[in-house]
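Colleague: Sequence first, predicted coordinates after that:
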Amino acid sequence: MNGETPDAVETNDYQEKQKIALRALHARFHQLQNILPNKPQCLQLVPATPATPPLLNPSMTAYLDQACDNLHISGPIYWILVQRVPDGRTCYRHLVSVMPSSSSEALVVVGRIAFDHTLSLEDAAQLCIRELCKTNDTYIHDYNYDLEERWKQKYIDLCQATCTLEARLKDVTESNNALQERLFTLEMLCHARHGAATSNDGVGGAST
């Protein structure tokens, strides 16, 4: 190992991954820097929070730090994009970069626009956690997990009910088509019989 101790190799690897994450973050930052949100309300804003204070309000940046520790990857690197919109307000957009252990490329997440610095930072961290969960095929087991499972079950129940209704609708449609064909056949028979009766009356009158 060229005389390097394991700790030195690990440190060098960590620093190299941090450099990759920083380069990717820098490149993405410059792509966004020239995009001026003239109408931020038309862009993707951080969703407004309810007026009532939350019962629990965990820090997403702390969650992201913990997630990186649990995944044994280098910590997140943040970069902030500050822009002023035509009405004079200042908007913020955070970028965050991490280096997944299973990839040689950095994961760069662009947060949504906010008019509050902290809100923008927390949003970027939350979106990064979401992407890390996708990348590592994992999840966060908290109250939201239970909420998601309940909504998922409601969705499954709704899909099953929809399939049942679609099957019933198909049966009704087929029955309706069969009735339409039957009515058409009966109408054709009635017309044929009426035509035959009219023809017979005409022949009888001529012979008289």
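Modeller: Yep, it's here.

Colleague: The protein: helices as residue ranges?
Modeller: Counting by DSSP state H, the chain has helices at residues 6-33, 60-71, 117-135, 143-207.

Colleague: The shortest one: how far from the chain's middle?
Modeller: When you say that, I think you mean helix 60-71. 22 Å (Cα atoms, centre = their mean, to the nearest Å).

Colleague: now the longest one
Modeller: A distance of 38 Å separates the centroid of the chain from that of helix 143-207, by Cα atoms, centre = their mean.

Colleague: Can you spell out which helices and strands pack onto that helix?
Modeller: Counting contacts by 3 or more Cβ pairs under 8 Å, 6 or more residues apart in numbering; DSSP states H and E, helix 143-207 is packed against no other helix or strand. Yep, even glycine has a C-beta here, placed from its N, CA and C like the rest.

Colleague: which of the helices of the chain sits most buried?
Modeller: Among these, helix 117-135 has the highest mean neighbour count (mean count of other Cβ atoms under 10 Å), at a mean of 19.

Colleague: what angle separates it from helix 60-71?
Modeller: Angle between the axes of helix 117-135 and helix 60-71 is 30 degrees (criterion: axes from the mean of the first three to the mean of the last three Cα atoms, to 10 degrees).

Colleague: Which strands or helices does helix 117-135 pack on?
Modeller: Counting by 3+ Cβ pairs under 8 Å, 6+ apart, helix 117-135 packs on helix 60-71, strand 77-84, strand 90-98, strand 107-110.

Colleague: Out of these, which gets nearest to Thr198?
Modeller: Nearest to Thr198, of all the helices and strands packed on helix 117-135, is strand 107-110, at 80.9 Å by Cβ to Cβ.

Colleague: Provide the strand pairings for that closest one, with the direction of each partner.
Modeller: Sheet partners assigned to strand 107-110 using DSSP bridges are listed as strand 90-98 (antiparallel).

Colleague: Report the rounded mean pLDDT for the partner strand.
Modeller: Mean pLDDT, strand 90-98: 93.

Colleague: Next: stretch 142-161.
Modeller: 84.

Colleague: which residues touch it?
Modeller: The list of residues contacting stretch 142-161 from outside it, by Cβ atoms under 8 Å, 6 or more residues apart in numbering, reads Leu56, Tyr139.
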